[in-house]
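J.: Turn this into a model:
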Amino acid sequence: RFSSRLFVAVALVIGLSLTDALLTLVLISRGATEVNPVMAYWLTHGPEVFVGVKYLLTCLPLLVLLMIVERDLGVGGTRVGHLFPLFIGAFSMVVGWQVYLMLMRAG
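T.: Below is the predicted model of the structure:
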């Protein structure tokens with residue numbers, strides 16, 4: 001069993017990852033390019049494949065982290081579960097950047 005706080009964190013990571021994928025598709029339709037070479041490759045296979053791979057590349061590591069969520073990282077009592085806010089922050093910055101780019105292109 002996991003705490004509701006951890007559930008919310010995982011849901012936010014997945015939601016932000018999918019938002020990232022969808023905003024990437026919008027930006028690409030407006031002339032942007034995907035700078036991540038791995039995701040650029042999957043984008044050549046179509047938007048559905050791109051979003052599916054993005055989802056898998058987010059969810060599979062999350063499953064692994066959930067299996068070891070209580071493990072100590074050996075850094076001042078930091079556990080694996082303490083990393084989730086960092087993931088949320090990183091994806092939030094990416095999504096924020098994409099929104100900024102969309103607003104700049106709209107203006």
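
J.: distance of the residue nearest the centre of the chain from F50?
T.: Geometric centre of the chain, nearest residue: S17, 3.0 Å, by Cα atoms, centre = their mean. Using Cβ to Cβ, to the nearest Å, S17 is found at 12 Å from F50. Backbone N, C-alpha and C define where each C-beta goes, glycine included.

J.: if I pick S92, what's in contact with it?
T.: Counting by Cβ atoms under 8 Å, 6 or more residues apart in numbering, S92 touches L16.

J.: so what's it scoring on pLDDT?
T.: What the model reports for S92 is a pLDDT of 98.

J.: what about it, helix or strand, and which?
T.: Assigned by DSSP states H and E, S92 belongs to helix 84-106.

J.: so how far is that helix from its chain's centroid?
T.: Relative to the mean C-alpha coordinate of its chain, helix 84-106 is positioned 10 Å out (Cα atoms, centre = their mean, to the nearest Å).

J.: next one: stretch 98-107
T.: With Cα atoms, centre = their mean, you get 20 Å for stretch 98-107.

J.: mind listing what's buried in that stretch?
T.: If you call a residue buried by 16 or more other Cβ atoms under 10 Å, then stretch 98-107 has these buried ones: Q98.

J.: which outside residues touch it?
T.: With contacts defined as Cβ under 8 Å, 6+ apart, stretch 98-107 is touched by 20, 23-24, 26-27, 30-32.

J.: let's see it at 10 Å
T.: Contact partners of stretch 98-107, identified using Cβ atoms under 10 Å, 6 or more residues apart in numbering, comprise 19-20, 22-24, 26-27, 30-32.

J.: Now the element after the helix of greatest length in the chain, going C-ward?
T.: The residue-count maximum for a helix in the chain (DSSP state H) belongs to helix 4-29. Downstream of helix 4-29, the first helix or strand assigned by DSSP H and E is helix 37-43.

J.: lowest-pLDDT helix or strand in the protein?
T.: helix 84-106 (a mean of 95; mean pLDDT, DSSP states H and E).

J.: low pLDDT regions in the chain?
T.: Scanning the chain for pLDDT under 70 picks out 107.

J.: can you do 80?
T.: In the predicted model of the chain, residues 105-107 satisfy pLDDT under 80.
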